[in-house]
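Undergrad: just to be clear, the model below is a prediction. Sequence and coordinates:
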Amino acid sequence: FNRRSNIDHNGQSNPLDDTVKISYGTAGFREKAEVLPFVALRVGYLAALRSRVLNKAIGLMITASHNPQCDNGVKIVDPNGEMLASEWENHATMLVSIPDDELLREMKKLEETLQLGDAKEARVICAVDTRPSGQHLADAAKAGAALCNVDFEFLGLLTTPQLHYAVRVQNDPAFGPPGEDGYYTKIGTAFRQFYELLPNKSSPTLLMLDCANGVGAPKARKLFDALPKNLMEVDFKNEVGELNHECGADFVKICKQSPVPTCIEGVRCASLDGDADRLVYFYSKNSESKNVILLDGDKIAVLFAKFLIEELKEAKVFDQLTIGIVQTAYANGASSAYIKNQLGVDPIFVPTGVKHLHHEAMKYDIGVYFEANGHGTICFSDHFKSLISGGETSSPPKNRLYWFSQLINEVVGDALADLLAVELLLKYYGWTVEDWANKLYHDAPNIQIKVPVTDRSIFQTTWDETRLIAPLGLQDKIDHLVNELGAIRAFARPSGTEKTVRVYAEAEDAEVANKLGEKVAEIIR
Ligand code: NG1
Ligand code: ZN
């Protein structure tokens, strides 16, 4: 598992030149799986080191989420179930970048500066998604943790949010019951309790669930098995097959098309991504066409925020709590306008990547954050928790708020928890998926295009990612195109997980949005 002797899961040698730079991106290291064995070893070591410094359990998730099956990734989860602290991202990039013969020296240097003490609670908890390279990379990570003398607990196949949950519960047992079963018990109980509070308990309508051929399939089945039988009717699709191939949340979001197999007209459908931390909904108005009406992360955020604000007002505690709604530049302009004008909250914008959204959301008593791609959750402060406790003496809105907050996986965006939350709120409002799509706001027409590039490091943006500052002159061209076509906005930013530049364009008219997107893509190419 060294750069020069990097053997992949098929036993093939894949040596890496000392000059090849790999950095800790939006979601850890993400590469073709054959590149990663030595990365997994070094990250396993670093996770172990962090666990010794903090005397806490640290997580290691091996997944490449919505990316193709041949990719994989390694990311570290901090003790509260959150993303790795950013100063440690630099250690990770440094360790992975140095040549083999400098590794031991750098490890020693790190150990000296970080001053390791006696750390009885230190351990690394690791899980994988369904990729064929997962086990091999977990073995490499285990060898890395051993270099730091830290126990390595391999939990096997889990969704990314389940691993985050496991880490949190290990360090903070009051957070919920332990183990994978504990996860089902916690959210299953919250679902049932909220369900009991619904004004209308009409029989369930069919939900088609596209599992992206990933780990979400067996885990969603287990979750639904833990719920009373008559509360949900789910038709599972894409349970086995090539991961994320023509299915899954990213495919549906970007292509605005039904995954294979095509969904049935009028049926409420949802898609998970490869590691089940993203969720989008959709439905078809015409089975002849692949095109679908999409309800993305913005729609979920608005549904959650509307419910929370109404309940806080009904419980007469709205003025005692702060509420923040966090979005990125990819949020549809119509959703941001609805949040501002109808919900009365100014949305906050941060750069792409959960760590930025989560960090901002934590500043509020209730912090709702979602990326348009369907990754998001809600953070609740201790002040919220002391004000809103469930139980017989509590008012109905407080009880609903309490069980809703228990259902949400507040440590990280979780497609399964979010799915149950959406299902309950649709029932609560008595809405069909079409009502949800039409009663709040309609998306401004938009397009997202991935432009493959060889060197994405030449593309640099402003902090909020809405403007390019390098290469010089490109932003002027984009501004000119937006003006010329009378569109709303367009921006381009380098992906942190793929070798692409992502172009986003929005206009009042779909044709204009598409044309603008294509033209901006052309100038990037
Ligand atoms: P990049 O590739 O940096 O755009 C993508 C998503 C992020 C996040 C990460 C991690 C978009 C536009 N970007 O990041 O939101 O989910 O993957 O999986 O959806
Ligand atoms: Zn994911």
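TA: Noted; the coordinates are in hand. Ligands and ions are numbered 1, 2, ... in the order given.

Undergrad: low pLDDT regions in the stretch 351-500 of the chain?
TA: For the stretch 351-500 of the chain, the stretches with pLDDT under 70 are 390.

Undergrad: can you name the residues of it that neighbour ligand 2?
TA: For the stretch 351-500 of the chain, there are no residues in contact with ligand 2 under the definition CB under 5 Å from the ion. For every residue, glycine as well, the C-beta is placed using N, CA and C.

Undergrad: all strands of the stretch 351-500 of the chain, in order?
TA: With DSSP state E, counting those that start in this stretch as the definition, the stretch 351-500 of the chain shows strands at residue ranges 366-370, 376-380, 446-452, 460-461, 468-470, 489-494, 500-506.

Undergrad: same for the third one, what does it pack against?
TA: Under the contact definition 3 or more CB pairs under 8 Å, 6 or more residues apart in numbering; DSSP states H and E, strand 446-452 sits against helix 249-255, strand 500-506, helix 510-524.

Undergrad: stretch 269-288 spans what distance, first to last residue?
TA: 16 Å (CA to CA, to the nearest Å).

Undergrad: please apply the same query to stretch 54-68.
TA: Between the start and the finish of stretch 54-68 there is a gap of 35 Å, counting by CA to CA.

Undergrad: so that stretch, near ligand 2 or not?
TA: Yes. Stretch 54-68 reaches ligand 2 (CB under 5 Å from the ion) through Ser65.

Undergrad: report the buried residues of that stretch.
TA: With burial defined by 16 or more other CB atoms under 10 Å, the residues of stretch 54-68 counted as buried are 54, 56-68.

Undergrad: restricted to helices, list these.
TA: Secondary structure from DSSP state H places Leu54 of the buried residues of stretch 54-68 in helices.

Undergrad: quick check: residues of the protein near ligand 1?
TA: Residues of the chain lying near ligand 1 by CB under 6 Å from any ligand atom: 26-27, 65, 330, 352-353, 371, 373, 375, 495-498, 502.

Undergrad: make a ChimeraX selection of the buried ones in those.
TA: Selecting in ChimeraX just the buried members of the residues of the chain next to ligand 1, where the criterion is 16+ other CB under 10 Å, is done with this command:
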select :26,27,65,330,352,353,371,373,375,495,496,497,498,502
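
Undergrad: turn the residues of the chain next to ligand 1 into CSV, including distance to Pro37.
TA: Listed next are the residues of the chain next to ligand 1 as CSV, based on distance: CB to CB, whole Å:
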residue, distance to Pro37
Thr26, 22
Ala27, 19
Ser65, 19
Tyr330, 33
Thr352, 28
Gly353, 25
Glu371, 30
Asn373, 29
His375, 27
Ser495, 23
Gly496, 22
Thr497, 19
Glu498, 20
Arg502, 29
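
Undergrad: so which of the residues of the chain next to ligand 1 comes closest to ligand 2?
TA: Closest approach to ligand 2 among these (CB to the ion): Ser65, at 3.1 Å.

Undergrad: distance of the closest one from Ala421?
TA: In this structure, Ser65 lies at 21 Å from Ala421, with CB to CB, to the nearest Å as the measure.

Undergrad: circling back to that earlier point, out of the strands of the stretch 351-500 of the chain, nearest to Asn213?
TA: Among these, strand 446-452 comes nearest to Asn213, with 20.6 Å by CB to CB.

Undergrad: pull out the buried residues from that closest one.
TA: Within strand 446-452, the residues scored as buried using 16+ other CB under 10 Å are Asn446, Ile447, Gln448, Ile449, Val451.

Undergrad: ok, of those, which one's closest to ligand 2?
TA: Distances from these to ligand 2 were compared by CB to the ion; the smallest belongs to Gln448, at 16.5 Å.

Undergrad: ok, now which ones touch the residue nearest the centre of the chain?
TA: Against the mean C-alpha coordinate of the chain, by CA atoms, centre = their mean, the closest residue is His375 at 3.8 Å. Shown in contact with His375 (CB atoms under 8 Å, 6 or more residues apart in numbering): Asp277, Arg278, Gly297, Val354, Gly413.

Undergrad: now for the closest residue to ligand 1 within the stretch 101-250 of the chain: which residues touch it?
TA: Nearest residue of the stretch 101-250 of the chain to ligand 1, counting by CB to the nearest ligand atom: Asp250, 7.5 Å away. Taking CB under 8 Å, 6+ apart as the definition of contact, the neighbours of Asp250 are His66, Asn244, Asp273, Arg278, Asn373.

Undergrad: gap between it and Ser495?
TA: When CB to CB is the yardstick, Asp250 and Ser495 sit 12 Å from each other.

Undergrad: just the strands in the stretch 151-300 of the chain please.
TA: Remark: strands of the stretch 151-300 of the chain, listed N- to C-terminal, are 151-157, 206-210, 233-237, 268-272, 279-283, 293-295; assignment by DSSP E, counting those that start in this stretch.
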